[in-house]
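Enquirer: structure for the following, please:
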Amino acid sequence: MEHLQVIYICETPSESDIEEQAFLLPIPSPIDQLNIARAIISGDIEIAVIYSRKSEIQYKYLETNKHESIRISGYKSYGSLKFDQQVKDVIKQNDAVLALADESIFNESTQRALMLNTYRERRPVFGPNESFVVSGSIATLCITEEDIAKSAIRLIKSFEETEYLPGIYFPISPKIVTNNTAAKTFSLKLPDDEIIGKKILQASLGDKVNEF
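Expert: Numbers count the residues shown, from 1 in each chain. Next up, the predicted model:
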């Protein structure tokens, strides 16, 4: 059995690196963030995912591992300069927006534009962090240092019992933050956080996510 030498904790590993090493990304799993939307919005919907070069690996992971019943449309952003116009174009073509953990495009300078435009077009936003939820995003997962440490330990134990598995992994987080006022604005009924958590877990079964 090949032994694991190191687990890298890094937000932006390269595709060539993940073929050889194991990376624990210290951000919420994009699959779990997508499954939050799936747990809250019923029916057949299409979700826009805006990403940049920094978060492209998250988007590719999402494409590969999402449940086949969920439809997503990816839009690559080249920075926050024309972000406002891009958001306007994107939200008109989709039913909701998933904001990835990517501060190069989802930050204080773009937060207001995203929330105002999605509110005007009646398109709910999910993710990327607690600050955005306070501003009007429906829900997100929050990752703590303790979550990262526990997940790293679980990864090591898993690899010791099985074998060295290169690739990317995400912390498992029990903390879900929701904005009930924003949900009511979009006529969405929020289940209890515990129920959302169970739905996320159920949705992840069969998906290649958090396999440790």
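Enquirer: okay, and the helix or strand of the chain with the least pLDDT?
Expert: When the helices and strands of the chain are scored by mean pLDDT, DSSP states H and E, helix 193-204 comes last with a mean of 76.
Enquirer: what does it rub up against?
Expert: 31-32, 35-36, 38-40, 67, 139, 174, 176, 178, 190-191, 210 (Cβ atoms under 8 Å, 6 or more residues apart in numbering). Just so you know, the C-beta spots here come from the backbone N, C-alpha and C atoms, and that holds for glycine as well.
Enquirer: list buried residues within these.
Expert: For the contacts of helix 193-204, a burial check counting by 16 or more other Cβ atoms under 10 Å picks out Ile31, Asp32, Asn35, Ile36, Arg38, Ala39, Ile40, Ala139, Ile176, Thr178, Leu190, Asn210.
Enquirer: a markdown table for those, including secondary structure, distance to Tyr169 and pLDDT?
Expert: Formatted as a markdown table, the buried ones among the contacts of helix 193-204 follow (DSSP: H, G, I helix; E, B strand; the rest coil; distance: Cβ to Cβ, whole Å; pLDDT from 0 to 100):
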| residue | secondary structure | distance to Tyr169 | pLDDT |
| --- | --- | --- | --- |
| Ile31 | helix | 11 | 92 |
| Asp32 | helix | 12 | 92 |
| Asn35 | helix | 16 | 90 |
| Ile36 | helix | 19 | 91 |
| Arg38 | helix | 21 | 87 |
| Ala39 | helix | 22 | 87 |
| Ile40 | helix | 25 | 91 |
| Ala139 | strand | 22 | 96 |
| Ile176 | strand | 20 | 91 |
| Thr178 | strand | 25 | 95 |
| Leu190 | coil | 28 | 90 |
| Asn210 | coil | 7 | 39 |
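Enquirer: and which of those is nearest Asp84?
Expert: Ala139 (23.7 Å; Cβ to Cβ).
Enquirer: these two touch, right, the closest one and Asn35?
Expert: No: the pair Ala139 and Asn35 fails to qualify as a contact (Cβ atoms under 8 Å) at a distance of 10.7 Å.
Enquirer: where do the strands sit along the chain?
Expert: 7-9, 22-24, 46-51, 71-76, 96-99, 125-126, 139-141, 167-169, 176-178 (DSSP state E).
Enquirer: dump these to CSV, plus distance to Ala152.
Expert: Formatted as CSV, the strands of the chain follow (distance: least, Cβ to Cβ, whole Å):
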stretch, distance to Ala152
strand 7-9, 6
strand 22-24, 6
strand 46-51, 25
strand 71-76, 29
strand 96-99, 25
strand 125-126, 26
strand 139-141, 17
strand 167-169, 9
strand 176-178, 22
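Enquirer: quick one: which of those is nearest Tyr119?
Expert: strand 125-126 (9.0 Å).
Enquirer: give me the contact list for the closest one.
Expert: By Cβ under 8 Å, 6+ apart, the surrounding residues in contact with strand 125-126 are 33-34, 36-37, 40, 47, 96-99, 114-115, 118, 132, 136-140.
Enquirer: got a list of contacts for the lengthiest helix in the chain?
Expert: Assignment by DSSP state H gives helix 145-161 as the longest helix of the chain. By Cβ under 8 Å, 6+ apart, the residues outside helix 145-161 that reach it are 4, 7, 9, 22, 24, 26, 165, 169-175, 211-212.
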